[in-house]
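>>> Fold the following, please.
(chains A and B)
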Amino acid sequence: MMTSEKDTEQNEELNEKQKPPVSMAGRVAATGFCGGVLWSFVAYIAYLFHFSEISPNMILQPFVLGEWKKHGLGTVISIILIGVISIGAAFLYFLLLKRLKTMWPGILYGLVLWLLVFFVFNPIFPDVRTVTELTSDTIITTICIYLLYGLFVGYSISFEYNELNSEKLARALGMHRE
Amino acid sequence: MPDHKEEKIRVYRNPAKNEEYFKNRVGMGTSYDVGVRKLTILDKEIQLYYLNGLCDTAYIIHLMRELVAINNRKEDPDELVDIVENRLLNAQVEKVKTLDETTDQVLSGLVAVIVEGAGFAFIIDVRSYPGRNPEEPDTEKVVRGARDGFVENIVVNTALLRRRIRDERLRVKMTKVGERSKTDLSICYIEDIADPDLVEIVEKEIASIDVDGLTMADKTVEEFIVNQSYNPFPLVRYTERPDVAANHVLEGHVIIIVDTSPSVIITPTTLFHHVQHAEEYRQAPSVGTFLRWVRFFGILASTLFLPIWFLFVLQPDLLPDNMKFIGLNKDTHIPIILQIFLADLGIEFLRMAAIHTPTALSTAMGLIAAVLIGQIAIEVGLFSPEVILYVSLAAIGTFTTPSYELSLANKMSRLVLMILVALFHIKGLVIGFTVLIIAMASIKSLQTPYLWPLIPFNGKALWQVLVRTAKPGAKVRPSIVHPKNRLRQPTNS
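Residues are numbered from 1 along each chain as shown, chains lettered A, B, ... in the order given. Coordinates of the predicted model:
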């Protein structure tokens, strides 16, 4: 590479070439946020069509915030809030399970999250009935959404992690140049 | 096959023995298309073996005229072989030592010239294969843009690609596949972009193909490379457009061109390679994005709309209050699931019939289909109008899918979802959908996750899928092909 003549444009491209476009932590955060938003949006649609009795805005229930939390704005805010919380879930997966290469641990992770939310955290949400009182449709729908969420977050993180550690990406980013 | 290699026979010095070989092994005299022309030049016999139909007679006559002209000059008979080599006026002349290889070449349409006493054969490329000229592919039409398409001839196809990429690093590796058919196949990539591991995998898979013939050309190759088995989703992308192929080569993909097929294989591919179309790249980025979203909507319609609507028919209480009108307005005599399947089957009939029917008759067929089957079936109460509406919507959605293979796979998953909904209602739909996504995510085609960049998630790449981005802004190649050179525009040139 010709480093001697650096005009600004070249400089920019050089920088782009030498450092990874986004760091691993950034990617984990982005994956977590997008996963949370995407699947809570799907959950909202499922709620809209009565597939499940639980709307994403159950997340706002512990807080006394007034009537708006039950309408459109509340839903948007809860979806974004779930996205933010989901960043934490993504980092948890990153810390514990990132080395596993297949997608199945991700799906399992989703199932564990579901158990956690519906059994352990259940008392936090006063409006949500306990699992035994929910309809079977609700249970199946929410489990499926959590499984897909787990797949999304888990598979993305382990794939990204293994890619980043592979020589291929290093070469693609121009780190080991002949 | 090892036993084939052992019996390799060198070209005889005695012309009668060579002729004998061709008569016994290649069936000269029995098969009418293999022939030999014998000339006597400077008192030695020269044989010219050819296969009529695959070579250009004008060139052969030209070659023979030059050979016969040797007689007119007083040349030294001892140097005959060198003189003949000089007189074979063609760009591609090769020496071949064994009769097996000579036979292969003659059967590919080249001519073999064997000089008495030489012990080898000159192979001259005078091939001229029957075939059509490049024309616009029927399945990938665009309003603007190049109208040439790949043809059944591998040489022309390579040339079409080379015309678009004049890079010195473009590699076109030729091999022969098929124990009996000996079909030409070439692997095409750019040396300093494509992932060497990917090239190696593809080469290895192709070398291990053990089959007698590749009559279905690229499709057979695909089945050997990606081990599709009973998974309906297409694991490689086919294209008949040289511009699409060239674009993918530049992105770092590896292209496989198989002789006798007008479509080339693009590897590796993900699901999202099947939902894009050249048309999007021929319009302004915003228009291209719009087209792409409409197309996505069509693809979703072809897969999910019908099962969801069917669910709402079964359980109208699921609908929000302002959407209550969806569903059936009148009671019908036949169960809805049966109606949907019958209507879907009817559309399949039509589609199949339309493929096989000559154009002159297809207008009449369309009329019968539209008026008689559609209209009358509703009037006699066989179908309810809503069924026709939603089944047609799904059918049109299938037609908007750019990849024919994907549209068929979507149709099948739609029918499976319908059965699940009929059996288990909400649970069937939800579990079916989940299993579908998980199954698709678990597919790997040449070590590439099938749902990338959605699962595993890659924001930038997903943006490229959702939005047709402008070319000047597209600086990096997609990471999934592991390009050796990530940037599209080299900095130091």
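>>> Please, where are all the helices along chain A?
A:8-18, A:24-48, A:72-97, A:104-115, A:136-165, A:167-172 (DSSP state H).
>>> of these, which approaches B:L446 most closely?
B:L446 lies closest to helix A:167-172 among the helices of chain A, at 13.4 Å (C-beta to C-beta). Backbone N, C-alpha and C define where each C-beta goes, glycine included.
>>> give me every residue that touches the nearest residue to B:I326 once chain neighbours are set aside.
Spatially, and ignoring its direct neighbours in sequence, B:I326 is nearest to B:F312 (5.6 Å; C-beta to C-beta, 6 or more residues apart in numbering or on different chains). B:F312 is in contact with A:49, B:318-319, B:326-327, counting by C-beta atoms under 8 Å, 6 or more residues apart in numbering or on different chains.
>>> can I get these in JSON lines with distance to A:I124, neighbour count and secondary structure?
What follows is these, written out as JSON lines (distance: C-beta to C-beta, whole Å; neighbours: other C-beta atoms under 10 Å in any protein chain shown; DSSP: H, G, I helix; E, B strand; the rest coil):
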{"residue": "A:F49", "distance to A:I124": "26", "neighbour count": "17", "secondary structure": "coil"}
{"residue": "B:L318", "distance to A:I124": "28", "neighbour count": "18", "secondary structure": "helix"}
{"residue": "B:L319", "distance to A:I124": "31", "neighbour count": "17", "secondary structure": "coil"}
{"residue": "B:I326", "distance to A:I124": "36", "neighbour count": "15", "secondary structure": "coil"}
{"residue": "B:G327", "distance to A:I124": "38", "neighbour count": "17", "secondary structure": "coil"}
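>>> Point to the residue nearest the middle of the chain.
Went with chain A since none was named. Nearest to the mean C-alpha position of chain A, by C-alpha atoms, centre = their mean, lies A:G32 at 2.6 Å.
>>> Oops, wrong one, chain B.
Central residue of chain B (C-alpha atoms, centre = their mean): B:S263, at 3.2 Å.
>>> still on that earlier bit, looking at the helices of chain A, which one is packed in the most?
helix A:136-165 (a mean of 23; mean count of other C-beta atoms under 10 Å in any protein chain shown).
>>> how distant is that helix from the center of its chain?
With C-alpha atoms, centre = their mean, to the nearest Å as the basis, helix A:136-165 stands 8 Å off its chain's centre.
>>> And stretch B:372-379, by the same measure?
Counting by C-alpha atoms, centre = their mean, stretch B:372-379 comes out at 39 Å from the chain centroid.
>>> what's it in contact with?
Residues contacting stretch B:372-379 (C-beta under 8 Å, 6+ apart): B:346, B:383-385, B:388.
>>> Counting neighbours, which of those comes out on top?
B:F383 (24 neighbours; other C-beta atoms under 10 Å in any protein chain shown).
>>> wouldn't that one be in contact with B:A343 here?
Yes. With contacts counted by C-beta atoms under 8 Å, B:F383 reaches B:A343, the gap being 6.1 Å.
>>> show me where the stretch 351-493 of chain B has strands.
In the stretch 351-493 of chain B, strands defined by DSSP state E, counting those that start in this stretch lie at B:444-445, B:448-449, listed in chain order.
>>> quick one on the thing from earlier: could you find the closest non-adjacent residue to the residue nearest to the centre of chain A?
A:G32 sits nearest to A:A90 (C-beta to C-beta, 6+ apart), 2.8 Å away.
>>> so how many other residues sit close to B:V96?
19.
>>> Before we move on, what's the pLDDT of A:Y44?
Confidence at A:Y44, expressed as pLDDT, is 93.
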